[in-house]
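Enquirer: output the structure for:
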Amino acid sequence: MTNLVLELFLMLLIILAAAEIFTNALEHLGDKLKISEGVTGSLFAAVGTALPETMVPLLALLAGTANVSVNEEIGVGSILGAPLMLSTLSTCLMAVSILGKRGFSGFVAPERSGFVRDLNFFLFAFALAAAAMYVPQDARYIRGALGFSLVLTYFIYIMLTLKASEKLVENGHGTEADEKMFLARIGLPTNFLTILVQLALGVALLVFGAKGFINGVEKASHLLGISALLLSLLIIPIATELPEKVNSILWIRRGKDTLAFGNITGAMVFQGTLLPAIGIMLTPWQPRIEVLSGILLTLLASAWLRINANKHGLRVWMLLVNGGIYVFYLAITLS
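Expert: Presented below is the predicted three-dimensional model:
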């Protein structure tokens, strides 16, 4: 058991290091391309730091263990657990990190149009993915149409986010890289080639870490006598969402609220559209009780953020409420 814990911890460290390498390069790419913080946070950083939780279900379903049932449970748990973690625990941890500086009644103020757009798209897509669970598995054409609709939703989201970029840059929301690029610290120049090399290095490490984590989860489920689905809903998201948590906490503590929230909500849109589309097509995608409770609480937490998003931003205590929703989920799941 000790060796298994060390193995999971090592894979976790690799995932975190890879995310830091990737995100550092993304900031410099956004700076060079002169794009908005919304594009960098909601598209580039969100997709980049979402790679671990993207790789886990993909590798589990396409190249996981010899046990197909375990692969499907890991895949479904990873797909649905990630948005739950982001909308609840991740936003709560951001609030905790600035509680001493801003107080319970202080504001967090991401750029509102992008924040609202992200949440609107996520709520629509995730509700559609939930409805797909009630479509019979042999109704392939209907399932295919729903999966395609989710992919199309993400494409439209990208187009609208890019369209809004130029105006946001003009209004002072352009991306700025605060830290030196990692490869530049060893004497290499900061140009498009070295940025792409560092991005590729981050991706390679993310894939390696995610693959190792899948194997560790399967071993842990056998040792603990817990289903791979439950373990995937609870443990894998905590590990794979750490890149978003760490990056967003660092950004919000520096006063970069738009990047911090864009990293979270942009990842939610990505994970609420493309990943459920994969789940609908490659897994039974059925409404089990532990899955449904997670979906409903994810939608509740996201709707809470959307309802309270006004021109001044959100109060810090409102984000702490989302942490309470996650605690409630743990209570009903583990009882």
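Enquirer: tell me the secondary structure at the closest residue to residue 188 other than its chain neighbours.
Expert: The spatially closest residue to residue 188, leaving aside those adjacent along the chain, is residue 194, at 5.1 Å (CB to CB, 6 or more residues apart in numbering). Any C-beta I mention is one placed from the backbone N, CA and C, and that applies to glycine too. For residue 194, the secondary-structure state derived from DSSP: H, G, I helix; E, B strand; the rest coil is helix.
Enquirer: these two touch, right, residue 194 and residue 186?
Expert: No. In terms of CB atoms under 8 Å, residue 194 does not count as a neighbour of residue 186; the distance is 10.2 Å.
Enquirer: pick out whichever of these two has more residues nearby.
Expert: Each of residue 194 and residue 186 had its neighbours counted (other CB atoms under 10 Å), and the higher figure belongs to residue 194 (17 against 7).
Enquirer: gap between that one and residue 131?
Expert: Counting by CB to CB, to the nearest Å, the separation of residue 194 from residue 131 is 45 Å.
Enquirer: in the host helix or strand of residue 295, what counts as buried?
Expert: For residue 295, the host element (DSSP states H and E) is helix 289-307. Taking 16 or more other CB atoms under 10 Å as the basis for neighbour counts, the residues of helix 289-307 that come out buried are 290-291, 293-295, 297-299, 301-302, 304-306.
Enquirer: quick one: pLDDT of the residue nearest to residue 188?
Expert: Reading off the confidence values, residue 194 has pLDDT 90.
Enquirer: list the contacts for it?
Expert: For residue 194, the contacting residues are 181, 183, 184, 188, by CB atoms under 8 Å, 6 or more residues apart in numbering.
Enquirer: what segments of the stretch 101-250 of the chain are strands?
Expert: Using DSSP state E, counting those that start in this stretch, the strands assigned to the stretch 101-250 of the chain run over residues 107-108.
Enquirer: state the pLDDT value of residue 320.
Expert: pLDDT recorded at residue 320 is 96.
Enquirer: what is the neighbour count of it?
Expert: Residue 320 is flanked by 15 other residues according to other CB under 10 Å.
Enquirer: and it, what element?
Expert: If you go by DSSP H and E, residue 320 is part of helix 316-334.
Enquirer: show me how far that helix is from its chain's centre.
Expert: Once both centres are worked out by CA atoms, centre = their mean, to the nearest Å, helix 316-334 turns out to sit 17 Å from its chain's centre.
Enquirer: not counting its own residues, what contacts that helix?
Expert: Where contact means CB under 8 Å, 6+ apart, the residues beyond helix 316-334 that reach it are 84-85, 87-89, 91-96, 98-99, 102-108, 230, 233-234, 290, 293-294, 297, 300-301, 304-305, 308.
Enquirer: just the buried residues out of the residues you listed, in ChimeraX syntax.
Expert: With 16+ other CB under 10 Å as the burial test, the buried ones among these are selected in ChimeraX as follows:
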select :84,85,87,88,89,91,92,93,94,95,98,106,108,230,233,234,290,293,294,297,301,304,305
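Enquirer: run the angle between the helix holding residue 320 and helix 289-307 for me.
Expert: When axes from the mean of the first three to the mean of the last three CA atoms, to 10 degrees is applied, the directions of helix 316-334 and helix 289-307 differ by 170 degrees.
Enquirer: quick one, helices of the stretch 51-200 of the chain?
Expert: Taking DSSP state H, counting those that start in this stretch to define them, one finds helices in the stretch 51-200 of the chain at 51-63, 68-85, 91-102, 112-131, 140-163, 165-170, 192-224.
Enquirer: need the helix or strand of the protein with the lowest average pLDDT.
Expert: Ranking every helix and strand in the chain by mean pLDDT, DSSP states H and E puts helix 165-170 at the bottom, with a mean of 63.
Enquirer: where's residue 327 relative to residue 306, distance?
Expert: Distance of residue 327 to residue 306, given as CB to CB: 21 Å.
Enquirer: residue 181 too?
Expert: Residue 181 sits at a distance of 35 Å from residue 306 (criterion: CB to CB).
Enquirer: likewise for residue 313?
Expert: 13 Å.
Enquirer: kindly report the same for residue 79.
Expert: Taken as CB to CB, the spacing of residue 79 relative to residue 306 amounts to 22 Å.
Enquirer: so, low pLDDT: which residues of the stretch 151-300 of the chain?
Expert: For the stretch 151-300 of the chain, the stretches flagged by pLDDT under 70 are 165-178, 210, 214, 217-218, 221-222, 224-236, 238-244.
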